[in-house]
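Visitor: one predicted model, sequence on top.
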Amino acid sequence: MVIQPKIRGFICTTAHPEGCAAHVQEQIDFVKAKGSIANGPKNVLVIGSSTGYGLASRITATFGAGAKTLGIFFEKEGSPNKPGTAGWYNTVAFEQAANAAGLWNKHINGDAFSDEVKQQALQVIKAEMGKIDLVVYSLASPRRKDPKSGEVYSSVLKPIGQAYTVKNLNTSSRTIDQVSVEPASDEEIANTVKVMGGEDWELWLQALQEADVLAEGCQTVAYTYIGKQLTWPIYGKATIGRAKEDLDRAANAISSQLAGLNGQARVTSLKALVTQASSAIPIMPLYISLLYKVMKEEGTHEGCIEQINRLFRDNIYSSTPTLDEQGRYRVDGYELDDSIQAKVEALWQQVDTDSIDSLTDYQGYQAEFLRLFGFGLAGVDYQAESNPDLKLANLVG
Ligand code: NAD
């Protein structure tokens, strides 16, 4: 079938197999061009490995360090007349490239919050991988089923304490309007922490340690966004920020747990980027469109693969990492530079519907959004017939 983008709100309901493959290949080429990572990881578990920052982490571990990787994700396979999700096609392309390079890789498609998926992962690690020396936790999910009680918790993107009205780039009508968000209730705050906080990261590390599959010196990272004043009311100081604060608590607990192995857990703060997760957050389309404009002009713009490349080479596997006072890796320095933030804020005040194209990089935002689903990649014939029914050879189960 000929596959075209179908956009509904902040998601695209189709994905292009060859386009996703081209997107993955660009990232592989980027990592390979940087050469191998000295003392890099050997056996890596990536939880949330099919898109965004988790995919970039898997590609960096594999093609930068020659690591074996087990990837966990929640994606839909295509059928002969219906495309699957981008994360499925990304993984097909990743698998083909890793197989061609002779690098072991397997994947589990299921709910990473569940005990079943954790048990499946432990079995594969024991049988085929050897001890894990890096665990990347890169889940972004709107809900979580508690594995013990079976209760389903949903996260919300709301301010805490007071309602918040803010300028907004309405991506459906391509206008600048305003959004008002009511403050979260205590229950909504607690539920968001339950979904996006550190509890599941801890459960993974506990399960891995109990099964004795963690290597001496094992590292684990979980990804966060900290941001500054412009995004704090709806992110950093809002429900999602509260959940992310819980990652700091979890990092300390996991580091204590790993002390006997000389292991370490660190939260890692990354740059705001267009991904499937971030496009759902109010104000992010406007903030990111302005940020891209300013950072591209300054020559400091980066995507997922550039960020994760620096995380691995300059932080996790470096003797001189950039750590903040909480012990987090910081890869968000260029974005949070005061002069960048001041320029973004000045444009934020000025922008209106007529000046979207001149004052923001909304065109760049849109192009990158489409690329997440495999559309707009150079060298891909989008008029040609495409087979959506691609299989994963290394899928567990
Ligand atoms: P994403 O939506 O691109 O990726 C999410 C991944 O989680 C996918 O692989 C998806 O399949 C997987 N997933 C979701 N629910 C799952 C489940 N129940 N079981 C198994 N897999 C599941 O998101 P992203 O933007 O790459 O975000 C990853 C992490 O990075 C998040 O913690 C996010 O907060 C953080 N982060 C994102 C940004 C940003 O701007 N995008 C910035 C800083 C930090």
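Guide: Thanks, I have the structure now. None of these values were measured; they are calculated from a predicted model. Residues are numbered from 1 along each chain as shown.

Visitor: what pLDDT does the closest residue to Gly327 other than its chain neighbours get?
Guide: Nearest residue to Gly327 in three dimensions, chain neighbours excluded: Arg266, at 6.2 Å (Cβ to Cβ, 6 or more residues apart in numbering). Using the backbone N, CA and C atoms, a C-beta is placed for each residue, glycine as well. Per-residue pLDDT puts Arg266 at 98.

Visitor: can you tell me the element Arg266 falls in?
Guide: strand 264-269 (DSSP states H and E).

Visitor: ok, longest helix in the chain?
Guide: Longest helix of the chain, by residue count under DSSP state H: helix 239-257.

Visitor: which residues sit against stretch 343-362?
Guide: 167, 169, 174-176, 229-230, 285-287, 289-294, 296, 363 (Cβ atoms under 8 Å, 6 or more residues apart in numbering).

Visitor: check stretch 297-313 too.
Guide: 26-27, 30-31, 34, 37, 40, 52-53, 55-57, 59-61, 64-65, 221, 268, 270-271, 273, 275, 292, 295, 329, 331, 334, 337, 340, 368.

Visitor: how about the CA coordinates for stretch 84-94, as PDB?
Guide: C-alpha atoms of stretch 84-94 as PDB (Å, rounded to 0.1, in the frame of the first residue of the first chain):
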ATOM      1  CA  GLY A  84       2.100  -0.600  12.300                       C
ATOM      2  CA  THR A  85       3.500   2.000  14.700                       C
ATOM      3  CA  ALA A  86       6.800   3.800  14.000                       C
ATOM      4  CA  GLY A  87       8.500   2.100  17.000                       C
ATOM      5  CA  TRP A  88       7.800  -1.300  15.400                       C
ATOM      6  CA  TYR A  89       9.400  -0.200  12.100                       C
ATOM      7  CA  ASN A  90      12.300   1.500  13.900                       C
ATOM      8  CA  THR A  91      13.000  -1.800  15.600                       C
ATOM      9  CA  VAL A  92      12.800  -3.800  12.400                       C
ATOM     10  CA  ALA A  93      15.400  -1.500  10.900                       C
ATOM     11  CA  PHE A  94      17.500  -1.500  14.000                       C
END
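
Visitor: report the rounded mean pLDDT for that stretch.
Guide: 98.

Visitor: before we move on, what about stretch 100-117?
Guide: pLDDT averaged over stretch 100-117 gives 98.

Visitor: before we move on, the earlier item: quickly list what the residue nearest to Gly327 is bridged to.
Guide: Taking DSSP bridges as the rule, Arg266 bridges to Val221.

Visitor: tell me how many other residues crowd the residue in the stretch 51-200 of the chain that the ligand sits nearest to.
Guide: With Cβ to the nearest ligand atom, the shortest gap between the stretch 51-200 of the chain and the ligand falls at Gly52, namely 2.2 Å. Here the number of neighbours of Gly52 (other Cβ atoms under 10 Å) works out to 25.

Visitor: then Glu368?
Guide: 18.

Visitor: that one belongs to a strand?
Guide: No: Glu368 is assigned helix when assessed by DSSP: H, G, I helix; E, B strand; the rest coil, not a strand.

Visitor: could you check the pLDDT of it?
Guide: Looking at Glu368, the pLDDT reads 95.

Visitor: just Arg249 next, same as before
Guide: For Arg249, the predicted pLDDT is 98.

Visitor: same question, Ala222
Guide: So, for Ala222, pLDDT stands at 98.

Visitor: count of residues packed around the nearest residue to it once chain neighbours are set aside?
Guide: Among residues not flanking Ala222 along the chain, Tyr137 sits closest, at 4.0 Å (Cβ to Cβ, 6+ apart). Counted with other Cβ under 10 Å, residues neighbouring Tyr137 total 28.

Visitor: got the residues of the chain near the ligand?
Guide: Within the chain, the positions near the ligand by Cβ under 6 Å from any ligand atom are 48-54, 72-75, 87, 111-113, 138-141, 223-225, 270, 272-273, 275-278.

Visitor: picking up where we left off before, after the strand holding Arg266, which helix or strand is next?
Guide: From strand 264-269, the next helix or strand downstream (DSSP H and E) is helix 284-298.

Visitor: just the buried residues of that following helix, please?
Guide: Met284, Pro285, Leu286, Tyr287, Ile288, Ser289, Leu290, Leu291, Tyr292, Lys293, Val294, Met295 (16 or more other Cβ atoms under 10 Å).

Visitor: dump these into TSV; add distance to Gly236 and pLDDT as well.
Guide: TSV is the format used below for the buried residues of helix 284-298 (distance: Cβ to Cβ, whole Å; pLDDT from 0 to 100):
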residue	distance to Gly236	pLDDT
Met284	12	91
Pro285	18	92
Leu286	16	95
Tyr287	12	96
Ile288	15	96
Ser289	19	97
Leu290	17	97
Leu291	15	98
Tyr292	20	97
Lys293	22	98
Val294	19	98
Met295	19	98
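
Visitor: sec struct for the nearest residue to Ala253 once chain neighbours are set aside, please.
Guide: Spatial nearest neighbour of Ala253, chain neighbours left out: Glu202 (5.9 Å); criterion: Cβ to Cβ, 6+ apart. Counting by three-state DSSP, the backbone at Glu202 sits in helix.

Visitor: surely Phe30 is within a strand?
Guide: No: applying three-state DSSP, one finds Phe30 to be helix, outside a strand.

Visitor: any idea how far the residue nearest to Ile234 when sequence neighbours are not counted is from the ligand?
Guide: Closest residue in space to Ile234, ignoring its immediate chain neighbours: Ile283 at 5.2 Å, by Cβ to Cβ, 6+ apart. Per Cβ to the nearest ligand atom, to the nearest Å, Ile283 is found 12 Å from the ligand.

Visitor: likewise Lys34?
Guide: With Cβ to the nearest ligand atom as the criterion, Lys34 and the ligand are 20 Å apart.
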